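**Student:** Build me a model:
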Amino acid sequence: MRKIILSVILITILVLSIFSIHLFAESTTLGAHVVELKLDTGDTAWMIVATALVLLMTPGLGFFYGGMVGKKNVISTVLQSFMAMVIVTVLWVVVGFGLCFGPSIGGFIGNPTSNLFFQGVSANTAWELAPTIPFILFALFQAKFAIITPALITGAFAERVRFWAYLLFMVLFILFVYAPLCHMTWHPDGLLFGWGVLDFAGGTVVHMSAGWAALAGAMFLGKRKVQKVNPARITYVLLGTGLLWFGWFGFNAGSAVGAGSLAAQALGTTTVAAGAAAMGWVFLDKILGHKLSAMGACIGAVVGLVAVTPAAGFVSIPHAMAIGLIASIVSNLVVSKFPKGKIDDALDVFACHGVGGMVGMLLTGVFASKSVNAIVGDNQGLIFGDATLFLIQLKALVLVSIFAFSVSYFLFFVVSKITPLRVSEDKEELGLDISQHGEYL
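**Tutor:** Numbering: from 1, shown residues only. All right, here's what the predicted structure looks like:
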């Protein structure tokens, strides 16, 4: 049955791709929020580089996670990230971009019909909020955010998920969790956008959604047979951290959608927060009586990158440092107190990405300043004496948390009714590299 379904999918995509020029006629009029291109070659060059940098983060994440699992699950773990690049890229072109940035349906989701197979996504027009770069470049930049989000989730159910079930969940997650959150947060007609929620590069859209989905997955799939394993390659974790930190400059500074002062500010806040968080994590480990470890330094740096993501283009350099330190301390304490015996979040995705994203969202409401970014307006952060933005961020945090967790849990339930989610105990014992892919280190 699976062979038939896969054959139908491949044939359908092939036929629609070949005949798209006839099936999806290009509109001669500009759609909502699509404007005439005012090309700036500097902005365009930077955004091409930023798009490549963000894509590099996904294989970086594969190494980051792959080094943490046991040796017999490294290939499967890295491949889960790699396949996100494969599947989500195609899904984004077919329907995903339209769901995120198509004409708004009630502020919750985009209408994909105007952008099926990138219909209307031209190199000669521009998105309203990025008028100096081609529309197609904006769409491809946004694709990289969609790619890495389901890959982040995989760390929670590492070493026990069936690969085909993961692929199905990934598709459903993009359609029913990521797309609505992206539309609500970043589309000019989106619900959260209208509230005035500030999310510069993905605190809600990427990290909170992935964190809550990870918690839902860990709870639904249950514990591994053996929870405590020796990391396969800590050097992979170090390599993955380096690639993530490097790629994150595209993630955050690229979200300025131009090669200007705001991109430079976001680059600065990004690297400072990462450094402060890594320092905070290892110092706290030492204070609590643990050794200063490579794993701790790497996890701390990533938590800092996560936390500063929603704030990167809205806060000063010193406040970015504070965000990194606060997030690393909070996440470190959550990791140490997380009920691992009851919920097996294998690689602490919720404690790092989910909690880090939530801390970053709230601290954006504390430190956002109009002197850094005029879009903040008069509703500045709590530290400037105004609670309005902080309460908006808090309201969004609650809504996104409930939505992402409940819908993700339901999607795991749906997938389990279509195909088994977990490998059998003997295949888990054998390792996913051999049992799922017939390969091994």
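**Student:** So residue 427 sits against residue 433, correct?
**Tutor:** No. The pair residue 427 and residue 433 does not pass the contact test of Cβ atoms under 8 Å, sitting 10.8 Å apart. Glycine gets a C-beta too; all of them are placed from N, C-alpha and C.
**Student:** So which of the two has more stuff around it?
**Tutor:** Shown here are residue 427 and residue 433; by other Cβ atoms under 10 Å, residue 433 has more neighbours (22 against 15).
**Student:** helix or strand for the more buried one, which one?
**Tutor:** helix 432-437 (DSSP states H and E).
**Student:** how near is residue 13 to residue 113?
**Tutor:** 17 Å (Cβ to Cβ, to the nearest Å).
**Student:** cool, and residue 211?
**Tutor:** 32 Å.
**Student:** Look at those two and report which has more neighbours.
**Tutor:** Counting neighbours by other Cβ under 10 Å for residue 211 and for residue 113 shows that residue 211 has the greater number, 28 against 12.
**Student:** which residue sits closest to the more buried one, ignoring its sequence neighbours?
**Tutor:** In space, and not counting its chain neighbours, residue 211 is closest to residue 354: 2.0 Å by Cβ to Cβ, 6 or more residues apart in numbering.
**Student:** Give me the neighbour count for the one you found.
**Tutor:** The number of residues packed near residue 354 is 29, by other Cβ under 10 Å.
**Student:** Which positions in the helix or strand of the chain with the lowest mean pLDDT come out as buried?
**Tutor:** Sorting the helices and strands of the chain by mean pLDDT, DSSP states H and E puts helix 20-23 at the bottom, at a mean of 80. Neighbour-count burial for helix 20-23, counted by 16 or more other Cβ atoms under 10 Å, picks out residue 20.
**Student:** Give me the residues contacting the helix or strand that that helix is followed by.
**Tutor:** Sequence-wise, the next helix or strand downstream of helix 20-23 (DSSP H and E) is strand 34-36. By Cβ atoms under 8 Å, 6 or more residues apart in numbering, the residues outside strand 34-36 that reach it are 30, 120, 125-128, 131, 135.
**Student:** Among these, which are located in helices?
**Tutor:** Among these, the ones falling in helices (DSSP state H) are residue 135.
**Student:** now the contacts of strand 34-36 in TSV, with neighbour count and pLDDT?
**Tutor:** Output for the contacts of strand 34-36, formatted as TSV (neighbours: other Cβ atoms under 10 Å; pLDDT from 0 to 100):
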residue	neighbour count	pLDDT
30	15	72
120	22	90
125	18	96
126	25	96
127	24	97
128	12	95
131	19	97
135	25	97
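**Student:** residues touching the residue nearest to residue 211, list them.
**Tutor:** 207-208, 210-212, 214-215 are the contacts of residue 354 under Cβ under 8 Å, 6+ apart.
**Student:** Filter those down to the buried ones, PyMOL style.
**Tutor:** Restricted to buried positions by 16+ other Cβ under 10 Å, the PyMOL selection for those reads:
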select buried, resi 207+208+210+211+212+214+215
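**Student:** so of the contacts of residue 354, which ones are in helices?
**Tutor:** The helices, defined by DSSP H, take in 210-212, 214-215 from those.
**Student:** Make a markdown table from those residues and add pLDDT to it.
**Tutor:** Below are these laid out as a markdown table (pLDDT from 0 to 100):
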| residue | pLDDT |
| --- | --- |
| 210 | 98 |
| 211 | 97 |
| 212 | 98 |
| 214 | 97 |
| 215 | 97 |
